[in-house]
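Novice: using only what follows, build the 3D model:
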Amino acid sequence: MQETTSAGKLPPKRKNERRLANQFAGSALFNEKKFPDALQYYEREGAIAEESLKPYEAELGYAYHDVARGYHVTGDPAKAQRYYEKSEETLRPAREHVGGDFLKNEYSKAIQSVLRDYIVLPRDRGRTPECLCRRRIYRS
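Specialist: Predicted coordinates for the structure are as follows:
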């Protein structure tokens, strides 16, 4: 798959492109139900986001949400919980920093998405990734 091989080939100083390439590769693998592989790309996306974005930027919150979903479906609820919380804690100030009602509304929707995934985490403990996919823990 071309998306998964090109993510690591971008120069280090092109952080935004590297972050997005890892996000897209992770999402493609996630949708193919290749969860451990997707998680590796999501972890890279999160690491790049942490080093290149401000703590209140929505893209950092989105990256944390991706990492959380990766841990959720691979059966690591403690790490999933930590990243769901980090995602919400990042998206709330992002919503406050952004100008315009449209983006505030979009960030509110993103927070709701995080909370929808997070709230089912306790009852999903011990469930298989296939079961979680039927519940649509991932964005379509």
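Novice: where along the chain do the helices fall?
Specialist: Listed in chain order, the helices of the chain (DSSP state H) span 2-6, 15-31, 35-52, 58-73, 77-97, 101-119, 121-124, 129-134.
Novice: please identify the deepest-packed of these.
Specialist: Stretch with highest mean neighbour count among the helices of the chain: helix 58-73 (a mean of 25; mean count of other Cβ atoms under 10 Å). For glycine as for every other residue, the C-beta is placed from the backbone atoms N, C-alpha and C.
Novice: S108 versus the residue lying closest to N22 once chain neighbours are set aside, what's the distance?
Specialist: Leaving aside its sequence neighbours, N22 sits nearest to E45 (Cβ to Cβ, 6 or more residues apart in numbering; 4.0 Å). Distance of E45 to S108, computed by Cβ to Cβ, to the nearest Å: 23 Å.
Novice: repeat for H97
Specialist: 14 Å.
Novice: E85 now?
Specialist: 17 Å.
Novice: mind checking how far E32 is from S113?
Specialist: On the measure of Cβ to Cβ, E32 and S113 end up 21 Å apart.
Novice: and the residue positioned nearest the centre of the chain, how close does it get to G100?
Specialist: When Cα atoms, centre = their mean is applied to the chain, the residue found nearest the centroid is D66 (1.3 Å). Per Cβ to Cβ, D66 is found 25 Å from G100.
Novice: no further questions, thank you.
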